[in-house]
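Engineer: Build me a model from this:
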Amino acid sequence: MIENSKIVIKSYEVDHKGLLKPFSFLNYAQELANIDAAQLGFGYDNIRESGVLWVLSRINVKFTQMPKWRDELLSSTWHKGVDKLFGLRDFLISKPDGSPMITATSSWLIIDNHSRKIRRIESVIGDDFTGGKQFNAIESPAEKIPSIKGGFIVKNHTVTYSDLDINGHTNNAKYIEWIVDSLPWEYVNNNIIKEFTLNFNHETIIEDTIEIIYLNSDNIHFFEGIKGDKSIFTAKLIF
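Structural biologist: Presented below is the predicted three-dimensional model:
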């Protein structure tokens, strides 16, 4: 577990109002997860030797209060063991007094690096999934979001160099950036995200073009990224 690691919100992590971008939080979350998993013996380098990778499958993030530029905060993460094929991990960003600002829960899969097929976590790191903590930042796992029915295309995005991660695929954090960028400026300028859930359904690589589909239902914003006949991601945002 990483507990109460100090962070300072930097100028390049915030928007024009000085508030933390959701994209920036996802980058924090990925780095915290990488560090904690490595300390526990099943990080990127540990399991890559077995020809497999961790991939983020679902994440639910809630903002009690949006961090601001220069805020000095505490970050924590811990894994909660295995639920069927998923490894569960929670995150907490809090004020120095311990009051929460951001809570998140995530579900991860292990896939074969070559076939891209899902592997059972126990088959890679054994049954003794050490270091788990049964404390919930968010009690229920991130939900599965179905494909959109009746939406319309709001944007096309072609994957470029700046979208890629260390594995040569789109960095998971970039999807929330694409989503927010597809909303009208007036709406984004006048509203703050309270919660979002993302499902990562298929990987994308350089020069893939993704159609972003949008549907507003009872002031809940649904998005889906489509490439051909594949659902790349689904998402739900609440402002």
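Engineer: where in the chain is pLDDT low?
Structural biologist: Scanning the chain for pLDDT under 70 picks out the ranges 127-133.
Engineer: Show me the longest helix that occurs in it.
Structural biologist: helix 22-40 (DSSP state H).
Engineer: mind checking how far that one is from the chain centre?
Structural biologist: Taking CA atoms, centre = their mean, to the nearest Å, one finds the center of helix 22-40 at 10 Å from the center of the full chain.
Engineer: Neighbouring strands of the helix or strand hosting residue 155 in the sheet, and parallel or not?
Structural biologist: Taking DSSP states H and E as the definition, one finds residue 155 inside strand 152-158. According to DSSP bridges, strand 152-158 has the following sheet partners: strand 209-217 (antiparallel).
Engineer: Contacts made by the strand it pairs with with the rest, please.
Structural biologist: 148-159, 178-179, 182, 204, 221-227, 232 (CB atoms under 8 Å, 6 or more residues apart in numbering). Just so you know, the C-beta spots here come from the backbone N, C-alpha and C atoms, and that holds for glycine as well.
Engineer: Where do the helices of the chain begin and end?
Structural biologist: Taking DSSP H to define them, one finds helices in the chain at 22-40, 44-48, 121-125, 172-181, 185-190.
Engineer: Would you mind finding the most buried of the ones you listed?
Structural biologist: When the helices of the chain are scored by mean count of other CB atoms under 10 Å, the highest mean neighbour count falls to helix 172-181 (a mean of 21).
Engineer: Let's see it as CSV, backbone CA atoms only.
Structural biologist: What follows is helix 172-181, C-alpha atoms only, in CSV (Å, rounded to 0.1, in the frame of the first residue of the first chain):
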residue,chain,number,x,y,z
ASN,A,172,-5.7,5.1,-20.8
ALA,A,173,-5.7,8.7,-19.5
LYS,A,174,-6.0,10.1,-23.0
TYR,A,175,-9.6,8.7,-23.5
ILE,A,176,-11.0,11.0,-20.8
GLU,A,177,-9.2,13.9,-22.5
TRP,A,178,-10.8,13.0,-25.9
ILE,A,179,-14.2,12.8,-24.2
VAL,A,180,-14.0,16.2,-22.5
ASP,A,181,-12.6,17.8,-25.7
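Engineer: of the contacts of strand 209-217, buried ones?
Structural biologist: 148, 151, 154-155, 157, 159, 178-179, 182, 204, 221-226, 232 (16 or more other CB atoms under 10 Å).
Engineer: now the strands for this protein?
Structural biologist: Secondary structure of the chain (DSSP state E): strands at 2-8, 52-63, 72-83, 86-94, 100-112, 118-119, 152-158, 195-200, 209-217, 220-227, 230-238.
Engineer: which residues touch residue 237?
Structural biologist: Neighbour list for residue 237: 179, 193, 195, 196, 220, 221, 223 [criterion: CB under 8 Å, 6+ apart].
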